[in-house]
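1. Fold the following and give me the result.
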Amino acid sequence: MCSPRIVASLLAPLMVWVATPVAFASTPKKADQADQIADLPMIPLPSVPPVSNAPLFCLPSLTLPYNSLSLPDLPQPEWRSKSENLAKVAAQYAANGQYDQAIKLVPTIESKYYQATALVEIASYQRQKQPKQALQLLAQALQIIPSVDEYSRHPVLKAIAIQYAAASEFKLALQVAQSIKNDIYTKDNVITEIALKYAASGSPEQSIRLIETLRDSYQKNRAFVKIAQQYAEAGKYDQAFQFVRTFKTNNIQVDALDKIFSHSLKVGQTDQVMGLISTITDDCTKSQTVTRLVSNETYQPDSQPVAQQLQRLKLGLAIAQSIKADNLKSNALAEIASRYIQAGQIDEALKLSQTSLQGDDKDKTLARLANYYLKVKQPEQALNFVATIQDPAIKVGTLTEIAGSYAQVGQTDQASQLLSQAVEFSKLIKDSPLLISPQLPQVNPALRIRQIQPVPPLPLNITPQRLSIPKTKPMTPSLPLNITPRRLSIPKTKPMTP
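-> Prediction:
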């Protein structure tokens with residue numbers, strides 16, 4: 001059996017030989033010897049049996065070309081400190097229901113931060129079966145907080161406040177939340193979570209009061225929407241709609257209603273929200289909700305089954321039909337008709353264009369239907385919709401598209417006729433006043449400035465004359481220039497007596 005030293009002695013000269021090229025040999029003679037050694041065939045080394053408790057020697061790794069070998073990335077184990085690991089173990093004990101073992105492990109954690117974190121984690125599991133003991137653990141965690149660095153206190157205080165709110169100890173939760181200083185974002189998050197717990201416990205008024213105290217408007221709107229969504233996820237749609245009606249701004253209502261309707265579609269409970277649509281009284285809110293619900297910004301139609309898409313459009317149609325204002329109703333129905341065309345439901349879109357749409361909404365829907373038939377290579381069907389389009393601008397655009405479709409298949413005569421019709425209809429287009437440069441305002445004649453009499457121009461036949469400057473005598477210096485400077489003699493004075 002070969003010892004590790006023998007293996008190292010065998011590998012050492014090979015490693016030196018590999019790392020020492022011929023060009024770096026000290027003498028030509030040694031370089032020739034190196035060439036001779038390089039020409040010799042390589043003798044494979046015998047396999048070395050493993051030796052227990054022996055040091056391991058590694059050969060230098062070869063550098064592979066970039067992207068020459070692609071291996072899957074394996075998850076790397078996360079390094080944790082001793083205190084963090086013990087806190088994780090204590091939390092796992094609590095998750096298994098072994099609360100005593102978890103609590104005994106906490107004093108062995110050196111870090112005060114992880115001690116408090118472990119107590120909160122244990123309390124979150126123990127609260128289900130032993131609520132009183134869980135509250136005691138939260139109180140112990142609060143006692144540890146002064147020993148935690150001020151920078152690290154806020155996450156622990158947030159967790160403690162949320163656990164107090166989950167245990168319906170809302171006063172204690174708010175006291176802990178108010179103790180968070182110099183971190184408005186974390187404090188608002190904690191208050192939002194407490195408001196959610198208030199709403200879940202059947203106190204929407206308290207939750208609204210808490211949300212109104214938030215400083216950040218975005219966080220405030222987000223909290224309102226989350227509470228409405230929470231009611232919907234709990235199947236309490238009537239409370240969700242009642243809560244939405246308390247919102248003061250239109251955009252928050254639209255966000256919340258979109259969440260409610262989307263959840264009902266996800267779980268197949270649209271019948272429960274159909275009867276609550278009439279409780280929404282604002283037409284602008286309904287119209288914007290329809291647009292948000294059926295638009296591509298809210299959901300991806302390509303990733304959803306056709307049946308679910310149609311159910312979403314059916315729900316949007318029910319909301320749109322309840323709108324009283326004709327123009328808003330037409331806008332919402334036109335949006336639904338456009339989505340019907342995207343889903344291939346041409347009959348539904350055509351039915352809306354013939355019965356419910358008006359004005360530009362109807363013309364744009366007819367143009368979309370014509371474009372649909374152009375995509376499926378049926379320009380004759382597309383022409384049938386052009387005759388019913390009233391807006392000359394939309395009609396000209398549609399005729400131009402159809403003419404291009406005919407030209408692609410070589411029917412240039414038909415394309416030319418359609419373009420001629422487009423030119424004739426373009427004469428009926430009346431540009432909007434906004435697209436025309438406004439005229440300059442007329443000034444009151446009494447306020448006009450009197451015209452200044454024009455000055456006659458100078459004659460152009462003036463011959464320039466050359467100015468003659470009289471020569472002057474050179475200036476004579478007032479002092480002679482050959483003055484010899486004399487040295488000034490300063491008389492000596494007697495020194496001052498102190």
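
2. The closest residue to Val254 other than its chain neighbours sits in which helix or strand?
-> Counting by CB to CB, 6 or more residues apart in numbering, the nearest residue to Val254 once its immediate chain neighbours are dropped is Gln288, at 4.7 Å. C-beta coordinates here come from the backbone N, C-alpha and C atoms, glycine included. Element membership for Gln288, per DSSP states H and E: helix 283-294.

3. and that helix, what other elements does it pack with?
-> Here helix 283-294 touches helix 250-267, helix 306-321, helix 326-342, going by 3 or more CB pairs under 8 Å, 6 or more residues apart in numbering; DSSP states H and E.

4. For these, give me TSV that also has mean neighbour count.
-> What follows is those, written out as TSV (neighbours: other CB atoms under 10 Å):
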stretch	mean neighbour count
helix 250-267	20
helix 306-321	18
helix 326-342	21
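
5. List the buried residues of the helix holding Gln288.
-> Neighbour-count burial for helix 283-294, with 16 or more other CB atoms under 10 Å as criterion, is recorded at Asp283, Thr285, Lys286, Ser287, Gln288, Thr289, Val290, Thr291, Arg292, Leu293, Val294.

6. Return the distance of the last one relative to Gly316.
-> The reference is to Val294. When CB to CB, to the nearest Å is applied, the distance between Val294 and Gly316 equals 4 Å.

7. Report the set of residues contacting both of those two.
-> Taking CB atoms under 8 Å, 6 or more residues apart in numbering as the contact criterion, the common neighbours of Val294 and Gly316 are Glu335, Ile336, Arg339.

8. My read is that the first one contacts Ser295, right?
-> Yes. Using CB atoms under 8 Å, Glu335 is in contact with Ser295, at 7.3 Å.

9. Ala199: helix or strand, and which one exactly?
-> With secondary structure defined by DSSP H and E, Ala199 is part of helix 184-200.

10. what's the next helix or strand after that helix in contact with?
-> Beyond helix 184-200 on the C-terminal side, the first helix or strand identified by DSSP H and E is helix 204-212. Taking contacts as CB under 8 Å, 6+ apart, the residues outside helix 204-212 that touch it are 170, 191-192, 194-196, 198-199, 220, 223-224, 227, 239, 242-243, 246.

11. so which of the residues you listed would you say is closest to Gly410?
-> Sorting the contacts of helix 204-212 by how near they are to Gly410, with CB to CB, puts Phe224 at the top with 60.3 Å.

12. residue contacts, that closest one?
-> With the criterion set at CB under 8 Å, 6+ apart, Phe224 makes contact with Ile211, Phe247, Ile252, Ala256.

13. Just give me the closest of these to Leu366.
-> Ala256 (34.7 Å).

14. Could you check how far the closest one is from Ala415?
-> Using CB to CB, we find Ala256 at a distance of 51 Å from Ala415.

15. returning to what we had before: got a markdown table for the contacts of Phe224, with distance to Ile277 and pLDDT too?
-> Supplementary listing: the contacts of Phe224 in a markdown table, determined by distance: CB to CB, whole Å; pLDDT from 0 to 100:
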| residue | distance to Ile277 | pLDDT |
| --- | --- | --- |
| Ile211 | 25 | 89 |
| Phe247 | 17 | 84 |
| Ile252 | 18 | 88 |
| Ala256 | 14 | 90 |
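
16. Show me how this structure divides into domains.
-> Per the record, the chain has its domains at 4-33, 358-428, by automatic domain parsing.

17. Good, wrapping up.
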